[in-house]
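**Student:** Sequence and predicted model, in that order:
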Amino acid sequence: MMGARLVVSFVLSVVFLFISAKNVRILKYEDLVKLFPGLQNVGCKAARPPHFWRIYVPSLVLHVCALYQI
């Protein structure tokens, strides 16, 4: 029973992660200038790296393990 809940929780978390990552829209500086005409370009404008979701997978696994005390 515990293993089944762990698998279901992990699968749902991964599915949510992929759905969220696909729907993320990165704001571009040109879009922000249209919204806020006085905006100046100060700071970092780094784009999202390819496969950025890999950063979140280890913390997701640790979260699930801690949640179910594995």
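**Tutor:** Right, received. Where do you want to start? A quick note: this is a predicted structure, and the numbers were derived from the prediction, not measured.
**Student:** can you give me the helices for this protein?
**Tutor:** 2-23, 29-35, 57-67 (DSSP state H).
**Student:** mean confidence for the second one?
**Tutor:** Spelled out, that is helix 29-35. The average pLDDT for helix 29-35 rounds to 78.
**Student:** So which of the helices of the chain is nearest P49?
**Tutor:** Smallest distance to P49 across the helices of the chain (C-beta to C-beta): 12.0 Å, for helix 2-23. (Each C-beta comes from the backbone N, C-alpha and C, glycine too.)
**Student:** List of residues touching that closest one?
**Tutor:** Here helix 2-23 makes contact (C-beta atoms under 8 Å, 6 or more residues apart in numbering) with F52, W53, Y56, V57, L60, V61, H63, V64, L67, Y68, I70.
**Student:** Buried among the residues you listed? Make that a PyMOL selection.
**Tutor:** Selecting just the buried residues from these in PyMOL takes one command, with 16 or more other C-beta atoms under 10 Å as the test:
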select buried, resi 53+64
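**Student:** JSON lines please, covering the helices of the chain and showing distance to R48.
**Tutor:** Formatted as JSON lines, these follow (distance: least, C-beta to C-beta, whole Å):
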{"stretch": "helix 2-23", "distance to R48": "9"}
{"stretch": "helix 29-35", "distance to R48": "14"}
{"stretch": "helix 57-67", "distance to R48": "16"}
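**Student:** what about S9, neighbour count?
**Tutor:** For S9, the neighbour count with other C-beta atoms under 10 Å is 14.
**Student:** Also F36?
**Tutor:** So F36, with other C-beta under 10 Å, has 9 neighbours.
**Student:** Distance check, it against L27.
**Tutor:** 11 Å (C-beta to C-beta, to the nearest Å).
**Student:** same thing with R54?
**Tutor:** For R54, the distance to L27 - C-beta to C-beta - is 22 Å.
**Student:** for G38, same thing?
**Tutor:** 17 Å.
**Student:** Repeat that for L39.
**Tutor:** From L39 over to L27 (counting by C-beta to C-beta), the distance is 11 Å.
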